[in-house]
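A.B. asks: can you look at this prediction? I've put the sequence above it.
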Amino acid sequence: MRTSRMTGGRRRPGSATAAALSALTAGAVLLTGCSTDGSGADGAGGDGTITLRIGTFGSFGYDNKNGAKLYAEYEKLNPNIKIVESNVADGQKYWDTLKLRLSRNSGLADIQAIEVGYIAEAIGPAMANKWVDLSQTGGADTAAFLDWKVKQATTGDGKVIGLGTDIGPMAICYNKDLFAKAELPTDRAQVAKLWAGDWAKFVATGKTYQKKAPAGTAFHDSASGLFNAVLSSQPQQYADEKGELAYESSPGVRKAWGLAVEAAQSGITAKLRQFDEKGTWNAGFKNSKFATVACPSWMTGIIKDQAGPANKGKWDIASPPVSGNWGGSFLAVPKSGKHAQEAAKLAAWLTAPEQHAKVFGVNGNIPSTKETLASPTVQNAKIAYFGDTPVGKIYSEAAAGITPAPVSRYDGQVKTFITDNGILDIEQRGTAPDAAWENVKKLIADKIDQ
């Protein structure tokens, strides 16, 4: 995804009770989206058909409407299988609901997507035994994946609980029409030179844009999105080398916070919350309200879907100031499912190199399998929505520069507090940065059991 891919879609935390109610509400959404379609409570129909339910967030690119139609393909190959996907936009609510249902061993989908910000928690002591070992069940070739991707989803005793869907190499997507109107270059190589080597140059370009910006537009969509992008390029993020939470002392967090605050206070952002439930951020793509968005590979699918046909060809992709990885997800199979064996087979098939290539061709999600990442299919790929942009070349080059940072089991939650309760308050409410940071620290101390 993402989100989500998940790293973008967030809830605003409140009291512990409110968080629990929020999780239950999201759970109702997840379950409502999973119709039984005449099958029994265990997903088995009277005619022998097995319904497999997949819980996702953001845009994974498997679906039959806007994606690579992988569900239809698998059902054709396996006539006894029916696939039902339940998808939510808000990744934090998705994760809260998933944790609640894991604790109860009920209400779970047969396959659950997990975002990289939460994978360390998923393999931790409280959850590790809740998942099927996909290195032993389902037929997946775990050696096909990037080594660091497999390591992220491996428990202390060697079980692989998640199969990689994608990774999130970073780029910058920009609206060529808005750049032209602001008298900035539109050629992607010239655009990349504006900020090459330094995220501070990206913020400076934003200030230049605003001087001649078309009325009602901003240079960047979201200061929180900028925070995530800058942090994605840092060798230390929320955790230290031991995987322990260390956000307060992290040079990467300090740098990302400082630039996001500068962007918010200088008026170069549209002050939007990415993946908001009202759809305001989505509408910003359609109505050309901002000229740039930090653009990990999975974001290209979101732009295509949300900017819509009227804006086809208006968006282009440039190299980022510094290479980074924002997002990437896994498919996992809860042990408590009635059809864990069948679910593991489906998860293995969806994440196989052949399917990775199909999803990339439609949705732009960069594969996490070595063979696909290095293949001409990816290296030479273009996405019709972006015209002649060498999408595959841009993102595969960015992927080659990825050095994964250590992760802790609290990364996803801390990210939510910093972006939704820190940066967004500065951006939308004018909260003083020092006060916003103190609020973030209190929320983390309050809500995270370390």
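C.D. replies: The structure has been received and is ready for your questions.

A.B. asks: and Ile83, helix, strand or coil?
C.D. replies: At Ile83, secondary structure determined by DSSP: H, G, I helix; E, B strand; the rest coil is strand.

A.B. asks: for it, which residues make a bridge with it?
C.D. replies: Beta-bridge pairing of Ile83 under DSSP bridges involves Leu52.

A.B. asks: can you pull out the strands in the protein?
C.D. replies: Assigned strands in the chain, in chain order: 50-57, 81-88, 111-115, 163-164, 166-167, 172-175, 218-220, 290-294, 315-318, 329-332, 366-367 (criterion: DSSP state E).

A.B. asks: Thr205 is nearest to which of the ones you listed?
C.D. replies: Minimum separation from Thr205 across the strands of the chain (C-beta to C-beta) falls at strand 218-220, 7.3 Å. Where you see a C-beta, it was placed from the backbone N, CA and C, and this is true even at glycine.

A.B. asks: residues making contact with that closest one?
C.D. replies: If you take C-beta atoms under 8 Å, 6 or more residues apart in numbering as the criterion, strand 218-220 is touched by 205-207, 209-210, 213, 226, 263, 267-271, 289-294.

A.B. asks: and if you look at stretch 370-385?
C.D. replies: Residues outside stretch 370-385 that contact it (C-beta under 8 Å, 6+ apart) are 144-146, 300, 303-304, 312-313, 315, 353, 356-357, 360-362, 364, 366-367, 388-393, 396, 399.

A.B. asks: run the last query once more with 6 Å
C.D. replies: For stretch 370-385, contacts defined as C-beta atoms under 6 Å, 6 or more residues apart in numbering pick out 304, 312, 353, 356-357, 360, 364, 367, 391-392, 396.

A.B. asks: same check, this time on stretch 351-361
C.D. replies: 61, 68, 70, 163, 165, 331, 365, 367, 369, 371-372, 377-378.

A.B. asks: buried subset of the contacts of stretch 370-385, written for ChimeraX?
C.D. replies: Isolation of the buried members of those (16 or more other C-beta atoms under 10 Å) is achieved in ChimeraX through the command below:
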select :304,353,356,357,360,364,367,391,392,396
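
A.B. asks: and the contacts of stretch 370-385, which two are furthest apart?
C.D. replies: Largest separation among these by C-beta to C-beta: Lys312 and Pro353, giving 29.0 Å.

A.B. asks: before we move on, the earlier item: the contacts of strand 218-220, buried ones only, as a PyMOL selection?
C.D. replies: Isolation of the buried members of the contacts of strand 218-220 (16+ other C-beta under 10 Å) is achieved in PyMOL through the command below:
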select buried, resi 205+206+209+210+213+226+263+268+269+270+271+289+290+291+292+293+294
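
A.B. asks: of the contacts of strand 218-220, which belong to helices?
C.D. replies: Judged by DSSP state H, these include 205-207, 209-210, 226, 263 as members of helices.

A.B. asks: any chance of TSV for those residues, columns pLDDT and distance to Gln190?
C.D. replies: Shown next, in TSV, are the ones in helices among the contacts of strand 218-220 (pLDDT from 0 to 100; distance: C-beta to C-beta, whole Å):
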residue	pLDDT	distance to Gln190
Thr205	98	12
Gly206	98	16
Lys207	98	18
Tyr209	98	14
Gln210	98	19
Leu226	98	21
Ala263	98	22
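
A.B. asks: I'd guessed Gly328 sits against Pro169; true?
C.D. replies: No: with contact defined as C-beta atoms under 6 Å, Gly328 does not reach Pro169; the gap is 9.1 Å.

A.B. asks: I'd like the distance between the closest residue in space to Pro367 that isn't next to it in sequence and Gly91.
C.D. replies: Spatially, and ignoring its direct neighbours in sequence, Pro367 is nearest to His356 (3.5 Å; C-beta to C-beta, 6 or more residues apart in numbering). His356 sits 21 Å away from Gly91, going by C-beta to C-beta, to the nearest Å.

A.B. asks: then Ala270?
C.D. replies: Distance, Ala270 to Gly91, using C-beta to C-beta: 21 Å.

A.B. asks: got it, and Ile444?
C.D. replies: In terms of C-beta to C-beta, Ile444 sits 18 Å off from Gly91.

A.B. asks: more neighbours: which of those two?
C.D. replies: Neighbour totals were compared for Ile444 and Gly91, and Gly91 leads with 31 against 20 (other C-beta atoms under 10 Å).

A.B. asks: need the nearest residue in space to Glu427, chain neighbours excluded.
C.D. replies: Leaving aside its sequence neighbours, Glu427 sits nearest to Ala264 (C-beta to C-beta, 6+ apart; 4.1 Å).

A.B. asks: per-residue pLDDT, that neighbour?
C.D. replies: On pLDDT, Ala264 comes in at 98.

A.B. asks: and if you look at Ala283?
C.D. replies: Each residue has a pLDDT score; the one for Ala283 is 98.

A.B. asks: then Gly364?
C.D. replies: At Gly364, pLDDT is 84.

A.B. asks: list the contacts for it?
C.D. replies: Per C-beta under 6 Å, 6+ apart, neighbours of Gly364: 297, 300-301, 383.

A.B. asks: Ser368 is in contact with Gln149, correct?
C.D. replies: Actually, residue 149 is Lys. It isn't Gln. Yes: contact status for Lys149 versus Ser368: in contact at 4.6 Å, counting by C-beta under 6 Å.

A.B. asks: enumerate every residue touching Thr292.
C.D. replies: Going by C-beta under 6 Å, 6+ apart, Thr292 touches 172, 174, 220.

A.B. asks: give me the nearest residue to it, chain neighbours excluded.
C.D. replies: Closest to Thr292 by C-beta to C-beta, 6+ apart is Tyr174, at 4.7 Å.

A.B. asks: and that neighbour, what is it in contact with?
C.D. replies: Residues in contact with Tyr174 (C-beta under 6 Å, 6+ apart) are 291-292, 316.

A.B. asks: then Leu226?
C.D. replies: Listed by C-beta under 6 Å, 6+ apart, the contact partners of Leu226 are 260, 263.

A.B. asks: how far away is it from Val150?
C.D. replies: Distance from Leu226 to Val150, by C-beta to C-beta: 30 Å.

A.B. asks: show me the contacts for Ala153.
C.D. replies: By C-beta under 6 Å, 6+ apart, Ala153 lies in contact with 119, 160-162, 330.

A.B. asks: just the helices in the stretch 301-450 of the chain please.
C.D. replies: Assigned by DSSP state H, counting those that start in this stretch, the stretch 301-450 of the chain shows helices spanning 340-350, 353-363, 370-374, 376-379, 391-400, 411-418, 424-429, 433-447.

A.B. asks: what's the most buried one of these?
C.D. replies: Between these, helix 411-418 has the highest mean count of neighbours, a mean of 24, where neighbours are mean count of other C-beta atoms under 10 Å.

A.B. asks: packing partners for that helix?
C.D. replies: On a contact count with 3 or more C-beta pairs under 6 Å, 6 or more residues apart in numbering; DSSP states H and E, helix 411-418 meets helix 116-122, helix 433-447.

A.B. asks: quick one: closest of those helices to Gln341.
C.D. replies: In terms of C-beta to C-beta, the element of these nearest to Gln341 is helix 116-122, at 20.5 Å.
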